[in-house]
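Q: below: sequence and its predicted model.
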Amino acid sequence: MLLGCAIGAFFAGRVADRWGRRSVLIVAAMLFLLSALGAGAAQAAWWFVGARVVGGFAVGAASIIAPAYIAEVAPARYRGRLATVQQIAIIGGLFCAFLSNYLLARAAGASTGTLWLHQDAWRWMFWMQALPASLFLGSLLFIPESPRFLALRRRDDEAVAVLGRLYGAGEARGKLAEISASLAGDRHRPRLSDLLDKSSGRVRPIVWVGIGLATFQQLVGINVVFYYGAVLWQAVGFSESDALRINVLSGALSIGACLVAVALIDRIGRKPLLWTGSIGMTISLALVAAAFADAGLDAGGHLVLSHAAGILALVAANVYVVFFNMSWGPAMWVMLGEMFPNQIRGSSLAVAGAAQWMSNFAITVSFPLLLTGIGLAGAYGLYAVAAALSVWFVFRCVRETRGKELEQMDG
């Protein structure tokens, strides 16, 4: 599915530049619905895998087009807060999925137990995804197309109508003039070659910054917590029920941290949040690695932490989750949606989004290998090094975008 996400992200940006942000989101919603129904109805492994890959296309497309759409319709003073809501929605969606799966499995006695219409509970777990997918699809029918896309395609009357709804009729024409000025002399059909500097032929620095932001967000290991959380805590001696409770705690802290980001991102800016998050993650990940380095082995060869080390690992890991979700979690998506010039936004998002999902895949696949090769201490040590490098990256390469209109972004 993660590879499907990378493919979906790569092609979605280019398609959105041709057919529109709203159109791509509608197609993504249809793919979400198709994936949910198909995975639940699967009668063979190839059928199930195919449905999940289709779902991956939808996730990848929505992950980059949604923040781009939010950035393009939101006034500059609200843009960071509105884009941060996406991260809250992601975490809230994960929580709802976990809760739904738990309730269905409990009602059936097990995920392989029988529920309504004599179908296994695990099938209903996938079919339940059709509800939010249908709601998403229905909601998209009532939102306007991005005015910046309309201006890019010379559909000025439609752009003015949308801008009038967003900014008021009195400001619509002036806003369109600003957008058109940013596109003047370069209003051709967007293409990947736009990412190259015309004078040197090299990839524009702003594109490398976007790729760096997308990659570092995954290199700090956050999805190890999401994908392997319960397994990880059981590996160091916590019971299954305790491990699940820790995951619930992490989820609650994640939502709280995102609310902090909503409050701060348009006040202090994106760069200070990223920098603070990088420093906090470096320290907390190093403490987690130190706690796991102190682990011993029981008779069965399983890791066992002392009481003090267990408390340190638990607290430091959750502090790490808080720092991530108040900084890199939402701020990376905010910046990718707003940092690129209008002409190259879709293509840049395609490349950065694909890099993000490929990094996600690499971290997810490599973690079991790291676990058996260098252990939890070594794995978390590597993530701490990545977080430390991100401190330098933010300081040296990232430029603040708070309060700037999208037409002020240059590449």
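A: Received the coordinates, thanks. Source: prediction; values computed, not measured.
Q: can we go C-alpha only for contacts and neighbour counts from here?
A: OK.
Q: isn't residue 53 right up against residue 4?
A: Yes. Residue 53 is in contact with residue 4 according to C-alpha atoms under 8 Å; the separation is 5.0 Å.
Q: how close does residue 71 get to residue 364?
A: To residue 364, residue 71 is 29 Å away according to C-alpha to C-alpha, to the nearest Å.
Q: who has more neighbours, those two?
A: Per other C-alpha atoms under 10 Å, whichever of residue 71 and residue 364 has more neighbours is residue 71, with 26 against 21.
Q: so that one is in which element?
A: helix 45-73 (DSSP states H and E).
Q: by contact count, what packs against that helix?
A: helix 2-19, helix 21-41, helix 76-108, helix 147-152, helix 328-338, helix 345-373 (3 or more C-alpha pairs under 8 Å, 6 or more residues apart in numbering; DSSP states H and E).
Q: could you redo the last one with a cut-off of 10 Å?
A: Helix 45-73 sits against helix 2-19, helix 21-41, helix 76-108, helix 147-152, helix 156-167, helix 328-338, helix 345-373, with contacts defined as 3 or more C-alpha pairs under 10 Å, 6 or more residues apart in numbering; DSSP states H and E.
Q: buried stuff in the second one?
A: Of all the residues in helix 21-41, those buried under the rule 16 or more other C-alpha atoms under 10 Å are 21-26, 28-41.
Q: also the last one?
A: Using 16+ other C-alpha under 10 Å as the test for burial, helix 345-373 gives 345-361, 363-364, 367, 370-371.
Q: cool, the third one as well?
A: Of the residues in helix 76-108, those with enough neighbours to count as buried (16+ other C-alpha under 10 Å) are 76, 79-88, 91-92, 95, 97, 100-101, 103-105, 108.
Q: pLDDT of the helix or strand following it, averaged?
A: For helix 76-108, the succeeding helix or strand toward the C-terminus, using DSSP H and E, is helix 121-127. For helix 121-127, mean pLDDT rounds to 78.
Q: what does helix 121-127 contact?
A: In this structure, residues lying in contact with helix 121-127 by C-alpha atoms under 10 Å, 6 or more residues apart in numbering are 33-42, 97-98, 100-116, 130.
Q: any common contacting residues for residue 53 and residue 4?
A: residue 59.
Q: what about residue 93, distance to residue 86?
A: Distance from residue 93 to residue 86, counting by C-alpha to C-alpha: 10 Å.
Q: measure stretch 138-153 end to end?
A: Stretch 138-153 has its terminal residues 25 Å apart, counting by C-alpha to C-alpha.
Q: buried residues in it, which are they?
A: Of all the residues in stretch 138-153, those buried under the rule 16+ other C-alpha under 10 Å are 140, 144, 145, 146, 147, 148, 149, 150, 151, 152, 153.
Q: for stretch 250-258, same thing?
A: By neighbour count with 16+ other C-alpha under 10 Å, stretch 250-258 contains the buried residues 250, 251, 253, 254, 255, 256, 257, 258.
Q: average model confidence for the helix or strand hosting the third one?
A: In this structure, residue 253 is located in helix 240-264 according to DSSP H and E. Taken as a whole, helix 240-264 has a mean pLDDT of 76.
Q: now the next helix or strand after it - C-alpha only, PDB.
A: For helix 240-264, the following helix or strand on the C-terminal side (DSSP H and E) is helix 270-293. Taking Å, rounded to 0.1, in the frame of the first residue of the first chain, the C-alpha atoms of helix 270-293 are listed here in PDB:
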ATOM      1  CA  ARG A 270       6.700  27.400  10.800                       C
ATOM      2  CA  LYS A 271      10.500  27.400  11.100                       C
ATOM      3  CA  PRO A 272      10.500  27.900  14.900                       C
ATOM      4  CA  LEU A 273       8.100  25.000  15.300                       C
ATOM      5  CA  LEU A 274      10.200  22.800  13.100                       C
ATOM      6  CA  TRP A 275      13.400  23.800  14.900                       C
ATOM      7  CA  THR A 276      11.900  23.200  18.400                       C
ATOM      8  CA  GLY A 277      10.500  19.900  17.300                       C
ATOM      9  CA  SER A 278      13.800  18.800  15.900                       C
ATOM     10  CA  ILE A 279      15.700  19.600  19.100                       C
ATOM     11  CA  GLY A 280      13.000  18.000  21.300                       C
ATOM     12  CA  MET A 281      12.900  14.800  19.100                       C
ATOM     13  CA  THR A 282      16.700  14.500  19.200                       C
ATOM     14  CA  ILE A 283      16.800  14.600  23.000                       C
ATOM     15  CA  SER A 284      13.800  12.300  23.500                       C
ATOM     16  CA  LEU A 285      14.900   9.700  20.900                       C
ATOM     17  CA  ALA A 286      18.400   9.700  22.400                       C
ATOM     18  CA  LEU A 287      16.800   9.000  25.800                       C
ATOM     19  CA  VAL A 288      14.700   6.200  24.400                       C
ATOM     20  CA  ALA A 289      17.900   4.700  22.800                       C
ATOM     21  CA  ALA A 290      19.700   4.900  26.200                       C
ATOM     22  CA  ALA A 291      16.800   3.200  28.000                       C
ATOM     23  CA  PHE A 292      16.700   0.300  25.500                       C
ATOM     24  CA  ALA A 293      20.500   0.000  25.700                       C
END
